[in-house]
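Asker: Output the structure for:
(2 chains)
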Amino acid sequence: GNSVTQMEGPVTLSEEAFLTINCTYTATGYPSLFWYVQYPGEGLQLLLKATKADDKGSNKGFEATYRKETTSFHLEKGSVQVSDSAVYFCALGRGSTLGRLYFGRGTQLTVWP
Amino acid sequence: EAQVTQNPRYLITVTGKKLTVTCSQNMNHEYMSWYRQDPGLGLRQIYYSMNVEVTDKGDVPEGYKVSRKEKRNFPLILESPSPNQTSLYFCASSHQGAGQETQYFGPGTRLLVL
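Answerer: Below is the predicted model of the structure:
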């Protein structure tokens, strides 16, 4: 079946530290991969996505590369800010299921000044 | 402004008292979906709809109903709420076709069932 596993949180970093949140997936075929972010008290927002192997999604200094050989889509940022504090969700989408998304459990990130 | 709206944002109710959470989108999206978010479990899909009058079950449909009579609205109905339905609920919508999996989320409805 389709599933997403992401690293357990919470993750606590100092401002300007390097961030990695690991995400691996299980799926048949060629899914699309997403990172969503949820700021406190808000709904989820799309952060970045990649639709095929070796694609790199990027936005707001965050990056993730679709690695088919390791079935991974790790989220990285070179220098985090306090404003990046949020919950991050990795998700998998299958075109055959017309918009259906499968989410990981979320990783809470807290950045201290 | 393109958005998904939900009402109410917060709701406290008692076991067995029917309630409806409304969801509306102004982007003419075909696809709409309801999720619940619980600590340690991430988001789980309750029901989805691919277009007007077309709905189907997600992963956790028990205890919920939906309807899609108009393209823009997708209400979630709890006929007889129970405490295990205490959760944070999100509505989402997206286009069919290219970019269909980029979903737009509402702000969430926090429900407490006593």
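
Asker: need the contact list for the residue lying closest to B:Ser82 once chain neighbours are set aside.
Answerer: The shortest distance from B:Ser82 to any residue that is not its chain neighbour, by CB to CB, 6 or more residues apart in numbering or on different chains, is 5.8 Å, and that residue is B:Thr15. Glycine gets a C-beta too; all of them are placed from N, C-alpha and C. By CB atoms under 8 Å, 6 or more residues apart in numbering or on different chains, B:Thr15 lies in contact with B:80-83, B:113-114.

Asker: Identify the bridge partners of B:Leu11.
Answerer: B:Leu111 (DSSP bridges).

Asker: so it makes contact with B:Thr109?
Answerer: Yes - checked against CB atoms under 8 Å, the pair B:Leu11 and B:Thr109 is within contact range at 6.5 Å.

Asker: Which of the two has more residues huddled nearby?
Answerer: The neighbour comparison of B:Leu11 against B:Thr109 (other CB atoms under 10 Å in any protein chain shown) goes to B:Thr109, with 22 against 16.

Asker: Give me the distance between that one and A:Val4.
Answerer: Applying CB to CB, to the nearest Å, the value for B:Thr109 to A:Val4 is 24 Å.

Asker: what does B:Ser67 give?
Answerer: Relative to A:Val4, B:Ser67 is positioned 30 Å away (CB to CB).

Asker: Go through the contacts of B:Thr15 and say which is closest to B:Asn73.
Answerer: For those, the residue nearest B:Asn73 by CB to CB is B:Pro81; the value is 20.7 Å.

Asker: what sits against the closest residue to B:Leu76 other than its chain neighbours?
Answerer: Computed as CB to CB, 6+ apart, the closest residue to B:Leu76 that is not its neighbour in sequence is B:Val21, at 4.6 Å. The contact partners of B:Val21, by CB under 8 Å, 6+ apart, come to B:6-8, B:11, B:75-76, B:78, B:89, B:91, B:109, B:111.

Asker: again with B:Asn7
Answerer: If you count contacts by CB under 8 Å, 6+ apart, B:Asn7 has them with B:21-22, B:109.

Asker: Next one: the residue nearest to B:Ser82 from chain A, what distance?
Answerer: B:Thr15 sits 27 Å away from chain A when distances are taken as CB to the nearest CB, to the nearest Å.

Asker: and A:Asn2, what is it in contact with?
Answerer: A:Asn2 makes contact with A:25-28, A:31, A:92, A:94, A:102, according to CB under 8 Å, 6+ apart.

Asker: Which stretches in chain B count as strands?
Answerer: Across chain B, reading from the start of the chain, the strands by DSSP state E fall at B:4-7, B:10-13, B:19-25, B:31-38, B:42-51, B:54-57, B:65-66, B:76-78, B:87-94, B:104-105, B:109-113.

Asker: one step back: report the lowest-confidence entry in the contacts of A:Asn2.
Answerer: The weakest per-residue confidence within the contacts of A:Asn2 falls on A:Arg94 (72).

Asker: Just give the nearest non-adjacent residue to that residue, would you?
Answerer: For A:Arg94, the nearest residue in space outside its immediate sequence neighbours is A:Pro31; the separation is 5.4 Å by CB to CB, 6+ apart.

Asker: what is the residue nearest to the spatial centre of chain B paired to in the beta sheet?
Answerer: In chain B, the C-alpha nearest the mean C-alpha coordinate belongs to B:Trp34, at 2.9 Å (CA atoms, centre = their mean). On the basis of DSSP bridges, B:Trp34 is bridged to B:Tyr47, B:Cys91.
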